[in-house]
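J.: turn this into a structure:
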Amino acid sequence: MITKETKEQYRTLTDMALFRDIVSITDHLYLSSGAAACNEPNIHSRGIKCIINATTNLPDSTIPDVEHVRVAVNDVPHSNLSAHFDAVCDKIEDVRKQGGSTLVHCVGGISRSSALCLAYLMKCKNMSLEEAHSHVKARRPFIRPNIGFWRQLIEYERTLYNKNSVKIIQSNVGPIPSVYEKETQGMMW
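T.: Sure thing, here's the model as predicted:
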């Protein structure tokens with residue numbers, strides 16, 4: 001008989017495997033942690049021709065025949081990640097048009113890299129921010145852009161579509177994007 005505790009252990013192991021894996025966001029866009037971005041067989045098997053490193057401290061991989069782009073932004077709410085949204089989106093599209101794929105990573109594949117993927121889905125796949133978040137979260141369940149990046153994504157959506165599908169709301173844990181409202185209900189700090 002499988003107990004609730006055993007199920008939780010399996011889920012934790014699955015989450016850990018996802019943390020180390022490269023996940024497909026589209027047929028030409030991948031998201032991962034920095035550790036996963038160094039796995040040469042996984043890079044080549046996915047046709048990845050460009051790696052976008054959204055860190056200030058992790059070195060670029062030395063995988064041959066792969067272009068590296070640095071987005072040197074710290075994972076803090078006051079960092080200006082949105083200054084890179086258009087250039088990153090355009091780079092991903094350029095690589096796609098040349099028949100290649102792009103991997104976007106940060107340290108954990110949780111905040112900076114996921115925010116860049118959300119921006120791409122909004123700009124190039126015509127998704128609302130809410131749709132983009134649902135799409136990425138379904139593939140990498142623990143994405144969590146910091147609140148500053150959420151504010152920048154909300155502004156980017158307004159710039160692209162002149163409306164917003166996500167807003168910042170107050171909760172028991174402080175300001176959060178409305179997409180997290182249900183999961184934070186009942187939390188106390």
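J.: past the helix or strand of the chain with the lowest mean pLDDT, which element shows up next along the chain?
T.: Here the helix or strand of the chain ranked lowest by mean pLDDT, DSSP states H and E is helix 4-20, holding a mean of 51. Helices and strands here follow DSSP states H and E; after helix 4-20, the next one along the chain is strand 23-26.
J.: so for that next one, mean pLDDT?
T.: If you average the pLDDT over strand 23-26, you get 98.
J.: pull the residues that contact the helix or strand following that strand.
T.: Per DSSP H and E, strand 23-26 leads on to strand 29-32 as the next helix or strand towards the C-terminus. With CB atoms under 8 Å, 6 or more residues apart in numbering as the test, strand 29-32 has contacts from 21-25, 46, 48, 92, 96, 101-105, 109, 113-114, 117, 120, 136, 139-140, 143. Bear in mind the C-beta positions are built from the backbone N, C-alpha and C, glycine included.
J.: show the average pLDDT along strand 29-32.
T.: Averaged over strand 29-32, pLDDT sits at 98.
J.: hey, where'd the strands end up in this structure?
T.: Counting by DSSP state E, the chain has strands at residues 23-26, 29-32, 48-53, 67-70, 101-105, 168-171, 174-177.
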